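# What would the 3D arrangement of this be:
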Amino acid sequence: MSPAPRPKVTIGLPVYNGARYLAAALDSILGQTFQDFELLVSDNASTDATADICRAYAARDARITYLRQDHNVGAGPNHNFCARRATTEYFRWASHDDLMEPEYLARCVAVLDANPDAVLCHSKTRIIGDKGETFAVHLAGLDAPRPSDRFAAVILKPHWCVEMFGVIRTRALHRTGLMSGYFGGDKTMLAELALLGRFLHVPEPLFVNRDHPERSLRAVPFHERQRFHDTGHARRRVTHWALYTDYWRAVRRLVTDRAEKRRCYGHLGRWWFSNLHMLRVPLDVVYAYVPRAAAPMYRLRELYHRRAIGAVRTK
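Take a look at the predicted model:
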């Protein structure tokens, strides 16, 4: 007997104490018009009702595989755990507090099928607050034909990295280093993907990103963010110099055309003067020695960042 065919898409849902919104997220995944997927849920040793909810859903739907970490490994390693298990053509991360409109997967998969040079497809994003209110839509333009232009869009424009929740070509994702070992490690992964191929977008807002008080950016104190991201490297301090050198290594490893490589290095020179990076480097020095002292300045920076991407309440 021949083995059952592999599904076309793997959806990885890393979760930690996500019981409040988890059922709605699972319903939005299972309610997709595109049904050729498997869903891997990796529970990061949750202490709330997450495990009960996941087991109940897995008992009803054979496409769901529920796995539980022995201990809290951190958000970054848990995300990477899901991605490394993917053997399907496409992969997508899901979050316990986000939603997809029913046509999301079908539309994104169709775009990738029709454009073999593209590595990622995402839809326009609708950001909602804790009570469901709508915020301004954010969408980055990353479909430029030149790798250097896409690289610049990732590293120079303020954004919330919502593209990491797009449908990704798995073989391209596995060429990246996945999420780096520091809070905000999705930035280097998106930069690597942008160097490998175009990001395409469905113009309708089919992805719903929930911005609420329990979200990690809101709930985790600044000085605890590294522990939240990677418990195995909790004492590692996030430095923008590390982010910069990761970008540099990505260009050196993935860009073969000399002219494109020079353009990318030129954008890395501009990086210091964009999005307050020149200010953030000395703040990292403060953070390395007195984490709590740097937190107020970083909160001001996040307020600037939020306004820069247009994430303001709409009427």
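
# Now do the phi/psi pair for M278.
phi -60, psi -30 (degrees, to the nearest 10).

# right, and it touches W272 too?
Yes - taking contacts as Cβ atoms under 8 Å, M278 lies within contact range of W272: 5.3 Å. (C-beta placed from N, C-alpha, C; glycine too.)

# Can you tell me how far D61 is from G31?
D61 is 11 Å from G31, where distance means Cβ to Cβ, to the nearest Å.

# again but with K157, I slipped
Look at K157 and G31: by Cβ to Cβ, they are 32 Å apart.

# Equivalent analysis for L268, please.
Taken as Cβ to Cβ, the span from L268 to G31 is 42 Å.

# Contacts only, for L142.
120, 150, 153-154, 163, 194, 198-199 (Cβ atoms under 8 Å, 6 or more residues apart in numbering).

# so where does the closest residue to it other than its chain neighbours fall, helix or strand?
Nearest non-adjacent residue to L142, counting by Cβ to Cβ, 6 or more residues apart in numbering: F199, 3.6 Å away. Assigned by DSSP states H and E, F199 belongs to strand 198-210.

# by contact count, what packs against the helix or strand harbouring A153?
Element membership of A153 [criterion: DSSP H and E] is helix 147-156. Applying 3 or more Cβ pairs under 8 Å, 6 or more residues apart in numbering; DSSP states H and E, one finds that helix 147-156 makes contact with helix 186-196, helix 258-271.

# Nearest to I53, out of these?
Nearest to I53 among the helices and strands packed on helix 147-156 is helix 186-196 (25.3 Å), distances taken as Cβ to Cβ.

# Check which residues of that closest one are buried.
Neighbour counts over helix 186-196 (16 or more other Cβ atoms under 10 Å) mark 186-196 as buried.

# go on, stretch 72-84?
Residues of stretch 72-84 classed as buried: 72-83 (neighbour count, 16+ other Cβ under 10 Å).

# any idea of the mean pLDDT for that stretch?
Stretch 72-84 shows a mean pLDDT of 92.

# Equivalent analysis for stretch 125-140, please.
Across stretch 125-140, pLDDT averages out at 66.

# Near A59, how many other residues are there?
10 (other Cβ atoms under 10 Å).

# pLDDT wise, what is it at?
On the pLDDT scale, A59 gets 97.

# Just the buried positions in the helix or strand it falls within, please.
Assigned by DSSP H and E, A59 belongs to helix 50-60. Judged by neighbour count (16+ other Cβ under 10 Å), helix 50-60 contains these buried residues: 50-51, 53-54, 57-58.

# mind giving me a markdown table with those and columns for distance to W241?
Shown next, in a markdown table, are the buried residues of helix 50-60 (distance: Cβ to Cβ, whole Å):
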| residue | distance to W241 |
| --- | --- |
| T50 | 36 |
| A51 | 39 |
| I53 | 41 |
| C54 | 39 |
| Y57 | 43 |
| A58 | 43 |
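
# and which of these is nearest C108?
Nearest to C108 among these is Y57, at 22.6 Å by Cβ to Cβ.

# ok, which stretches of the stretch 1-150 of the chain are strands?
9-15, 37-43, 64-68, 90-93, 99-100, 118-128 (DSSP state E, counting those that start in this stretch).

# Mind pulling up the pLDDT for the closest residue in space to A94 that isn't next to it in sequence?
Computed as Cβ to Cβ, 6+ apart, the closest residue to A94 that is not its neighbour in sequence is L13, at 4.4 Å. At L13, the model reports a pLDDT of 98.

# Let me see the contact set for Y247.
Per Cβ under 8 Å, 6+ apart, neighbours of Y247: 155, 188, 191, 268, 271.

# could you dump those residues to TSV with distance to R68 and pLDDT?
Output for the contacts of Y247, formatted as TSV (distance: Cβ to Cβ, whole Å; pLDDT from 0 to 100):
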residue	distance to R68	pLDDT
I155	36	91
T188	28	92
A191	32	95
L268	40	95
W271	39	91
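
# Nearest to C108, out of the residues you listed: which one, please.
A191 (20.7 Å).
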